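**Q** got a sequence here, can you model it:
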Amino acid sequence: MKIKYDPDADVLLLSFRDEPPADAIEEPGGVIVSYGEDGEPVSVEFMNASVRRLIHPGEVSVPIQTESTAKENLVGV
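**A** Sure thing, here's the model as predicted:
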């Protein structure tokens, strides 16, 4: 997976596969899901990413939660 952020457009892009999208659906709230020829997701774009607090401009890293860290976070809930 590749993660790209365009600070000028304030768009966060998560690319799952290296292929051009065949179709795209814009969800309410400025989320665009692109699909490949096989109908599987290729990418997800989040418009106004910094406003949504998905990314902080100037921040280099994005935390990724794995299944094991998710279970650790549930302890004591």
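
**Q** use CA for all of it now, contacts and neighbours both
**A** Will do.

**Q** and P20, how many residues sit next to it?
**A** Around P20 there are 12 other residues, counting by other C-alpha atoms under 10 Å.

**Q** and it, what does it touch?
**A** By C-alpha atoms under 8 Å, 6 or more residues apart in numbering, the contact list for P20 reads G36, V42.

**Q** try 10 Å
**A** Under the criterion of C-alpha atoms under 10 Å, 6 or more residues apart in numbering, the neighbours of P20 are S34, Y35, G36, E37, V42, S43.

**Q** how about a markdown table for those residues, with neighbour count added?
**A** As requested, the contacts of P20 are exported to a markdown table (neighbours: other C-alpha atoms under 10 Å):
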| residue | neighbour count |
| --- | --- |
| S34 | 20 |
| Y35 | 20 |
| G36 | 17 |
| E37 | 12 |
| V42 | 23 |
| S43 | 23 |
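
**Q** next step: the residues you listed restricted to strands.
**A** If you go by DSSP state E, the contacts of P20 have S34, Y35, V42, S43 in strands.

**Q** surely the last one touches E26?
**A** Right, the one you point to is S43. No: S43 is beyond contact range of E26, at 11.9 Å (criterion: C-alpha atoms under 10 Å).

**Q** hmm, back to that, could I get the ones in strands among the contacts of P20 as TSV with pLDDT?
**A** As requested, the ones in strands among the contacts of P20 are exported to TSV (pLDDT from 0 to 100):
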residue	pLDDT
S34	97
Y35	97
V42	97
S43	96
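
**Q** what is the most widely separated pair among these?
**A** Put simply, by C-alpha to C-alpha the two of the ones in strands among the contacts of P20 set farthest apart are Y35 and S43, 7.1 Å from each other.

**Q** what sits in contact with each of the two?
**A** With contacts taken as C-alpha under 10 Å, 6+ apart, the residues that reach both Y35 and S43 are R17, E19, P20, P21, A24.

**Q** what's the overlap in contacts for S43 and E26?
**A** Taking C-alpha under 10 Å, 6+ apart as the contact rule, the neighbours common to S43 and E26 are I32, V33, S34.
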